[in-house]
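**Student:** here are the coordinates; sequence isn't available:
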C-alpha cells in the first residue's frame, strides 16, 4: 500500500509539470501570434499611407503643370506683334496653353487654341470675321479691336525702313482698306496687283493726304498674317 501511494504521488507531480509546460507554450505561441499580427497591421498602415501620399503628390504635380486662369492681364504674341489684354483659360508654366479667350480694347480678339502663349495661326485665321468696308466706314468704333479678314487686290505699296510696309487694298469697285503690316524674316515682298488675304485687327479708320492735297479717310487694319493668292 505504501509503495502504491508513492507511485500515485510521483504520477501526480509529472502530470502537474507537463500541464504547466503546455500552458507556457500556448501563451508563448499566442504572444508570438499577436506580435506578428501587430507588425503586419503596422506595415499595412504604412503601405496605405505611402499610397495615399503618392496619389496626392501626383495630383499636385498635375495641377502645377496645367491650371485654369480666371481673368488675368497678359501680353501675348500675335505674329510679330505683342498685345496686352486680358486672358481667361488654360495655363501651363504661367503662359496660355490650351483653350482660352483673349480680349483686347474691350473686344474678344481671339477664342480658341493657344500654344506657348500665342494663338495657333490657322485657328486665328478661322476666327476672323469678314471686314465689311461699309460697316467699318460708317461706324468705325463699333468694329475697332475686332479680328477681321479682308481679300482684295494691292493697289499701292509703301515701304519704309526695315520690314514695315503699308498697303492700300482694293476690296470692291471703289472700296479701299489701309493696311499696316510688318514682314517676317525671309517673307517675300508683296507687289501691286497681287491678290491677297489679310488677317488682323480692325483699327477703325485712318485719314491721310491725297496726291491732290485733300484728305482721305478709309477703314484701316493692322495686318498680322498675309497670304498671296
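**Tutor:** Perfect, thanks for sending it. Quick caveat: nothing in here was measured; it's all calculated off a predicted structure. Residues are numbered from 1 along each chain as shown.

**Student:** after the lowest-mean-pLDDT helix or strand in the chain comes which helix or strand?
**Tutor:** When the helices and strands of the chain are scored by mean pLDDT, DSSP states H and E, helix 2-65 comes last with a mean of 44. Taking DSSP states H and E as the definition, the helix or strand that follows helix 2-65 towards the C-terminus is strand 67-78.

**Student:** Pairing partners for that next one, with directions?
**Tutor:** Strand 67-78 has its sheet partners listed here by DSSP bridges as strand 81-92 (antiparallel).

**Student:** Report the separation between the residue nearest in space to the middle of the chain and residue 134.
**Tutor:** For the chain, the residue lying nearest the average C-alpha position, counting by Cα atoms, centre = their mean, turns out to be residue 97 (2.2 Å). Relative to residue 134, residue 97 is positioned 39 Å away (criterion: Cβ to Cβ, to the nearest Å). (Each C-beta comes from the backbone N, C-alpha and C, glycine too.)

**Student:** for residue 107, same thing?
**Tutor:** Distance from residue 107 to residue 134, counting by Cβ to Cβ: 19 Å.

**Student:** Give me the more crowded residue out of those two.
**Tutor:** Using other Cβ atoms under 10 Å as the criterion, residue 107 and residue 134 rank with residue 107 on top: 15 against 10.

**Student:** How is this structure divided into domains?
**Tutor:** In the domain annotation for the chain, the residue ranges read 67-126, 129-228 (automatic domain parsing).
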